[in-house]
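K.L.:
Return atomic coordinates for the entry below.
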Amino acid sequence: VFAITGKGFWGALRAELLKTAKRWSPWVLLALEIVIIVGLSYVLVWVIAVHPFPGEHLPAAEKASLQAGIHPGGFAHQALGGSGLTPILVLLLGVLVVGNDFGSGTLKTLFTLGPGRLEALAAKFVALAIVVAIGVVVVFAVTAVASLIFATIDGASLHTWPSFGDRKSTRLNSS
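P.N.:
Numbers count the residues shown, from 1 in each chain. Below you'll find the predicted structure:
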């Protein structure tokens, strides 16, 4: 029976969180995700909906659908990966966090001198989960603010926030 509750786990977790916070790669990936979501999923969609290409005319229903996706009613879809690149960036974060320790040789040292291997790996995965959770909260906050900004620009209602049930049924119906 392996116990991941010892003093070694908590020390390793604190070290992993500190190490991850001091690295530049998680911050760059979070900034890249925010730029992608706001740039592609909000600004580009808004420009296409409001100012279509010369010679193009969007039907009113299509324009309304595009704008509804960037207003508060559609912010959950955007935050959960409307651009499709969010899972790739999270995978890249995991590769960078684990790969950096492996490439620099600190993983061998950690396994030799530090807490047990199970504790060290569990701390690394828990720290990665905490970082991803913080990133999700930040992305939800940014997309909520972007939705409010674009709804205000378009003069749309600011009271159309989705409920959890609405998100689930919308996803099932669109599949």
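K.L.:
Residue 161 - nearest residue in space that isn't next to it in sequence?
P.N.:
Distances taken as CB to CB, 6 or more residues apart in numbering put residue 72 closest to residue 161, at 5.0 Å, once the chain neighbours are dropped. The way it works is simple: take the backbone N, C-alpha and C, and place the C-beta from them, glycine included.
K.L.:
tell me which element the residue nearest the centre of the chain is part of?
P.N.:
What sits nearest the mean C-alpha location of the chain, by CA atoms, centre = their mean, is residue 136, with 4.4 Å. Using DSSP states H and E, residue 136 maps to helix 117-154.
K.L.:
other SSEs contacting that helix?
P.N.:
helix 7-22, helix 25-36, helix 45-50, helix 60-70, helix 75-79, helix 86-104, helix 106-113 (3 or more CB pairs under 8 Å, 6 or more residues apart in numbering; DSSP states H and E).
K.L.:
separation between residue 46 and residue 150?
P.N.:
6 Å (CB to CB, to the nearest Å).
K.L.:
Quick check: neighbours shared by these two?
P.N.:
67, 70 (CB atoms under 8 Å, 6 or more residues apart in numbering).
K.L.:
So the two - more neighbours on which side?
P.N.:
The residue with more neighbours, out of residue 46 and residue 150, is residue 150; 24 against 20, by other CB atoms under 10 Å.
K.L.:
ok, back up a step: centre of the chain to the helix holding residue 136, how far?
P.N.:
Per CA atoms, centre = their mean, to the nearest Å, the displacement of helix 117-154 from the mean C-alpha position of its chain is 5 Å.
K.L.:
And stretch 17-34, by the same measure?
P.N.:
On CA atoms, centre = their mean, the centre of stretch 17-34 falls 12 Å from the chain's centre.
K.L.:
still on that earlier bit, nearest to residue 126, of the helices and strands packed on helix 117-154?
P.N.:
helix 7-22 (5.8 Å; CB to CB).
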